[in-house]
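S.K.: Model the following, please.
(one chain, ligands or ions: 1)
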Amino acid sequence: MIAPPPAALQIAPDGGLQHLITLEGLSKEFLGAFFASADRYKMDGGGRPLAGKLFVNIFFESSTRTRAAFEAAAKQLGADVVNLDQITMSGETKQESLEDTVRTMAAMGAAGIALRHSEAGAAERAAKVAGEFGVALINGGVGCESHPTQGLTDAYTLREIAGEDFSPLSVAIVGDVLHSRVARSNLQILRALGAKDIRLAGPPELCPPDLRKELGAPVFADLDEALDGVDVVMLLRVQRERLRGAFYYAPEKYFADYGLDETRLAKLKKTAVVMHPGPINRGVEISDAVADGAQSLILRQVANGMAVRKAVLTMLCARR
Ligand code: CP
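M.R.: Residues are numbered from 1 along each chain as shown. This is a model prediction of the structure:
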């Protein structure tokens with residue numbers, strides 16, 4: 001049997017979402033309703049709709065924001081939370097498969113699982129097994145392909161500044177686009193919300209010209225050219241752990257060529273905003289003054305990640 005594409009795999013028989021694997025295929029209408037739900041969680045916390053439920057974080061890669069936000073959001077909604085990571089999982093030392101780890105958590109009664117993994121396709125593999133047990137699988141960042149709750153968080157944050165219609169916005173996504181799951185999820189959601197002018201920029205090793213074809217956006221090697229007239233700068237971390245020595249830029253040179261400092265920021269519109277999914281590398285992608293300045297949305301992204309994950313958890317886990 002041919003495996004269904006991820007966008008189909010995550011749809012429940014009633015047409016709602018069974019899992020959250022990708023933002024691909026989610027409509028502007030769906031996203032509008034989702035953001036209205038996140039607004040309510042932001043306003044009043046959302047009560048305890050997950051009381052008595054079990055939620056599991058399975059993180060095969062490190063994480064500060066995503067794992068902590070899922071854990072804190074699930075606990076605040078009333079759920080019990082189990083965290084599995086590289087150190088605690090049998091799979092790492094005893095060769096238990098991802099699928100068997102998911103089965104084990106399902107047998108313990110999990111209503112939902114968030115998964116972070118380095119391999120493309122891991123979220124689909126886990127979702128197929130989770131679905132057999134009626135467990136919701138949430139992609140907490142997989143491979144270089146997708147990080148849907150970060151995309152939802154970033155779009156939700158931008159919507160607070162720019163409103164519902166992203167069509168007038170010019171957005172530059174800057175840095176290690178090649179390895180960035182955030183860039184791919186953000187491209188999907190920015191387009192779903194109407195954005196047309198999205199530019200990619202970075203050193204050719206990390207933002208090669210081929211990406212124009214793969215991602216359908218213009219690619220700039222010159223950052224100042226890419227930033228001309230933009231409303232939003234989305235900076236990305238240089239993912240040294242995925243480069244295996246293939247990238248030789250010194251941090252100082254990267255900062256000079258592709259970092260956002262006060263001089264570059266001053267050339268942008270006064271209303272331009274700066275985003276970064278974190279973790280940030282100060283003095284590499286961004287200066288202290290810009291990261292901590294008035295145009296930075298970085299901590300607002302983190303704060304909004306709580307409301308967005310509460311909305312995701314309730315949507316997918318409350319009925320199970
Ligand atoms: N943005 C993001 O995924 O951060 P973490 O790796 O800390 O979860």
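
S.K.: What's the separation between the closest residue to Tyr258 other than its chain neighbours and the ligand?
M.R.: Leaving aside its chain neighbours, Tyr258 sits nearest to Leu223 (5.3 Å; criterion: CB to CB, 6 or more residues apart in numbering). (Each C-beta comes from the backbone N, C-alpha and C, glycine too.) Separation of Leu223 from the ligand (CB to the nearest ligand atom, to the nearest Å) stands at 22 Å.

S.K.: how about Leu223, what does it touch?
M.R.: Val174, Ala201, Gly202, Asp257, Tyr258, Arg264 (CB atoms under 8 Å, 6 or more residues apart in numbering).

S.K.: thinking the fifth one is in contact with Pro203, fair?
M.R.: Spelled out, that is Tyr258. Yes. Shown here, Tyr258 and Pro203 form a contact pair, counting by CB atoms under 8 Å, at 6.4 Å.

S.K.: Comparing the two, which residue is more hemmed in?
M.R.: Tyr258 (26 against 20; other CB atoms under 10 Å).

S.K.: before we move on, back to that, which ones among the contacts of Leu223 lie within helices?
M.R.: Members of the contacts of Leu223 lying in helices (criterion: DSSP state H): Asp257, Tyr258, Arg264.

S.K.: pretty sure the first one is touching Gly202, no?
M.R.: No. Look at Asp257 against Gly202 with CB under 8 Å: they stay out of range, at 9.2 Å.

S.K.: Thr149 against Leu20, yeah?
M.R.: Yes. Counting by CB under 8 Å, Thr149 does reach Leu20; the two are 7.1 Å apart.

S.K.: any shared contact partners between those two?
M.R.: Ile138, Asn139, Val312.

S.K.: buried sites along the helix or strand the second one falls within?
M.R.: In other words, Asn139. According to DSSP states H and E, Asn139 maps onto strand 136-142. Across strand 136-142, burial judged by 16 or more other CB atoms under 10 Å covers Ala136, Leu137, Ile138, Asn139, Gly140, Gly141, Val142.

S.K.: re the thing from before, what two of the contacts of Leu223 have the greatest distance between them?
M.R.: By the measure CB to CB, Gly202 and Arg264 form the most distant pair in these, at 14.2 Å.

S.K.: Run through the strands of the stretch 201-320 of the chain in chain order.
M.R.: Here the stretch 201-320 of the chain has its strands, by DSSP state E, counting those that start in this stretch, at 219-220, 232-235, 273-275.

S.K.: Figure out which of those strands is closest to Gln188.
M.R.: Each of the strands of the stretch 201-320 of the chain has some distance to Gln188 by CB to CB; the shortest is strand 232-235, at 13.3 Å.
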